[in-house]
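Asker: build the 3D model from these lines:
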Amino acid sequence: MSSRAFYAALVPAQQSAFRRAVTDMREGRASEAAREAWAALDIGEDILDRRVTVVIWELVEERLALLPESERAPITAALLGGAP
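Answerer: Reported below is the predicted structural model:
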């Protein structure tokens, strides 16, 4: 995935929220909701520490697509900001 696709997929506020969610996990200060969201997507610290943000976003998109709509809302809220 290119960075262009990342910027096209998300509005600026979501881009910032997603980067913050990645950084917070990397630095050990993620909220419980964010930790649960990463776990629900089966994206652990090993992936977060070794991959760039746009590649992580690609994984998130792929894995969100596999979940039922009802399970997506809280994950999206935790990683992209906003209320579920």
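Asker: so what touches the helix or strand hosting residue 4?
Answerer: Element membership for residue 4, per DSSP states H and E: helix 3-9. Helix 3-9 is touched from outside by 15, 53, 54, 57, 61, with contacts defined as C-beta atoms under 8 Å, 6 or more residues apart in numbering. Where C-beta positions appear, they are placed from N, C-alpha and C, glycine not excepted.
Asker: from the residues you listed, which is closest to residue 22?
Answerer: Nearest to residue 22 among the contacts of helix 3-9 is residue 53, at 5.4 Å by C-beta to C-beta.
Asker: just checking, that closest one touches residue 20?
Answerer: No. With contact defined as C-beta atoms under 8 Å, residue 53 does not count as touching residue 20 (10.4 Å).
Asker: which one (most neighbours) among the contacts of helix 3-9?
Answerer: Neighbour counts for those, by other C-beta atoms under 10 Å, peak at residue 57, which reaches 24 neighbours.
Asker: does that one lie in a helix or a strand, and which?
Answerer: With DSSP H and E as the test, residue 57 turns up in helix 53-66.
Asker: following that helix, which helix or strand shows up next?
Answerer: Next along from helix 53-66, by DSSP H and E: helix 69-80.
Asker: tell me how far that following helix lies from the chain's centre.
Answerer: 9 Å (C-alpha atoms, centre = their mean, to the nearest Å).
Asker: which residues sit against that helix?
Answerer: 10, 14, 17-18, 21, 31, 33-34, 36-38, 40-41, 60, 64, 67, 82-84.
Asker: which residue lies nearest the spatial centre of this protein?
Answerer: residue 79 (4.4 Å; C-alpha atoms, centre = their mean).
Asker: so residue 13 sits against residue 81, correct?
Answerer: Yes. Here residue 13 lies in contact with residue 81, judged by C-beta under 8 Å, at a distance of 6.2 Å.
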